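Trainee: Pasting a predicted model and its sequence here:
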Amino acid sequence: MTRTWNLLTSLVAVAVFVAGALVGWNLLTAKADTEAGPTCTERNVAAGEALTPNLVQVNVLNVSGRSGLANRVSINLQRYGFLAGTIDNATSEIPVDHVAIFTNDPDDPMVQLVALQFQVPPQIVAPDIPIDDKGVTVVVGPSYTDLNLTPPTEIAASRDVSVCVPLVEL
């Protein structure tokens, strides 16, 4: 009985090893699924409808020399409901004292909503550096103070706005 048991155990072990080797080889040689899917969902806000922070991505750049300032500003904007964007140091040559919003469209309702979040009204300037077109780019300078304590949570869109809301992966 012991000899039969040992033989049966060995056969099962060999079968498991062979099956594992085949599955492993198939996984190793399988073609990777690298097809990129969408990163966001387009949402439209019609003129006159409420534009809320949860539809606006904010990229925050730091020119102040104060370490971590862009990150702190981004976190505080997220507390107000805005979507997080890029956080980085800026390489802009445009002098920014308090806050600036880099945009080619100062009448954009998203820009207007973000501008209302700061204690010191931001400069609205055309960028001299590449900016992410999926949101609003804010640049904080050395005299930056803080956000408004009770900023507006929505504005009526002055025109139709198309926003790209990032997909949340579960």
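Mentor: Everything's here; your move. Numbering: from 1, shown residues only.
Trainee: what residue ranges in this structure score low on pLDDT?
Mentor: Along the chain, segments meeting pLDDT under 70 span 1, 168-170.
Trainee: need the strands for it, in chain order.
Mentor: Applying DSSP state E to the chain gives strands spanning 40-45, 50-51, 57-62, 83-89, 99-102, 123-125, 136-140, 155-156, 161-166.
Trainee: Redo the ones you listed as CSV? Include distance to Leu116 and mean neighbour count.
Mentor: All C-beta atoms are positioned from the backbone trio N, CA, C, and that covers glycine. What follows is the strands of the chain, written out as CSV (distance: least, Cβ to Cβ, whole Å; neighbours: other Cβ atoms under 10 Å):
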stretch, distance to Leu116, mean neighbour count
strand 40-45, 16, 12
strand 50-51, 11, 16
strand 57-62, 13, 25
strand 83-89, 17, 17
strand 99-102, 11, 24
strand 123-125, 12, 17
strand 136-140, 12, 27
strand 155-156, 7, 13
strand 161-166, 16, 16
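Trainee: Adding distance to Val23 as columns, could you present the ones you listed in TSV?
Mentor: Formatted as TSV, the strands of the chain follow (distance: least, Cβ to Cβ, whole Å):
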stretch	distance to Val23
strand 40-45	36
strand 50-51	51
strand 57-62	42
strand 83-89	40
strand 99-102	52
strand 123-125	58
strand 136-140	48
strand 155-156	56
strand 161-166	35
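Trainee: Can I get stretch 14-32 in PDB, CA atoms only?
Mentor: Extracted in PDB, the C-alpha atoms of stretch 14-32 (Å, rounded to 0.1, in the frame of the first residue of the first chain):
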ATOM      1  CA  VAL A  14       4.400  15.300 -12.100                       C
ATOM      2  CA  ALA A  15       1.000  16.200 -13.500                       C
ATOM      3  CA  VAL A  16       0.800  19.400 -11.500                       C
ATOM      4  CA  PHE A  17       4.300  20.300 -12.500                       C
ATOM      5  CA  VAL A  18       3.500  19.800 -16.200                       C
ATOM      6  CA  ALA A  19       0.300  21.700 -16.100                       C
ATOM      7  CA  GLY A  20       2.000  24.600 -14.300                       C
ATOM      8  CA  ALA A  21       4.800  24.600 -16.800                       C
ATOM      9  CA  LEU A  22       2.300  24.800 -19.700                       C
ATOM     10  CA  VAL A  23       0.200  27.500 -18.100                       C
ATOM     11  CA  GLY A  24       3.400  29.500 -17.300                       C
ATOM     12  CA  TRP A  25       4.700  29.100 -20.900                       C
ATOM     13  CA  ASN A  26       1.400  30.300 -22.300                       C
ATOM     14  CA  LEU A  27       1.400  33.400 -20.000                       C
ATOM     15  CA  LEU A  28       5.100  34.100 -20.800                       C
ATOM     16  CA  THR A  29       4.600  34.000 -24.600                       C
ATOM     17  CA  ALA A  30       1.100  35.500 -24.700                       C
ATOM     18  CA  LYS A  31       0.600  38.800 -26.600                       C
ATOM     19  CA  ALA A  32       0.300  41.700 -24.200                       C
END
